[in-house]
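Participant: All I have is the shape, not the residue letters:
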């Protein structure tokens, strides 16, 4: 229970203060959501790198996936329990489905507490230093998706 409450508090604190870390200033790449559940086309021409993606996902000031998800990352303590366990996420979701969840999970579930990592409009309580900046770059989204696609459980 303590882990869940701590993860909630951490997530809310990050959302309110905007301390996610930011992508370099750049225009967002246009993407197309298909069947309301996936973005099948990559956001970049460079393939995602799972090693870089893992680093972004577990970085507490960048992706911070561990705040809400249990992951196969034994070297990091205090995994969250709010979101689903990601150990076998690639067996449950396609690459396109994962991409939409990272880009903007609220397109699937408007009540989701997961931040939209590749969105700049319609956000609340964003620190003035981060207004107009996505949390992740398009390449970082692709890197995180490439990492998540390696998580197929045991």
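Facilitator: Nice, thanks for sending it over. The structure displayed is predicted, hence computed values, not measured ones. Numbering: from 1, shown residues only.
Participant: show me the contacts for the residue most central in space within the chain.
Facilitator: Centroid-nearest residue in the chain: residue 102, 4.1 Å away (criterion: CA atoms, centre = their mean). With contacts defined as CB atoms under 8 Å, 6 or more residues apart in numbering, residue 102 is in contact with 117, 118, 136, 141, 144, 145, 148. Placement of C-beta: from N, CA and C, glycine included.
Participant: Okay, helices next: where are they in the chain?
Facilitator: Using DSSP state H, the helices of the chain run over residues 2-17, 50-58, 89-92, 95-104, 138-148.
Participant: any idea of the mean pLDDT for the fourth one?
Facilitator: Same thing as helix 95-104. Confidence for helix 95-104, expressed as mean pLDDT, is 97.
Participant: Next: the last one.
Facilitator: In this model, helix 138-148 has an average pLDDT of 97.
Participant: next one: the first one
Facilitator: Mean pLDDT, taken over the full extent of helix 2-17, equals 40.
Participant: Stretch 69-80 now?
Facilitator: 91.
Participant: I'd like the distance from it to the chain centre, please.
Facilitator: Put simply, stretch 69-80 sits 15 Å off its chain's centre (CA atoms, centre = their mean, to the nearest Å).
Participant: ends of that stretch, how far apart?
Facilitator: 5 Å (CA to CA, to the nearest Å).
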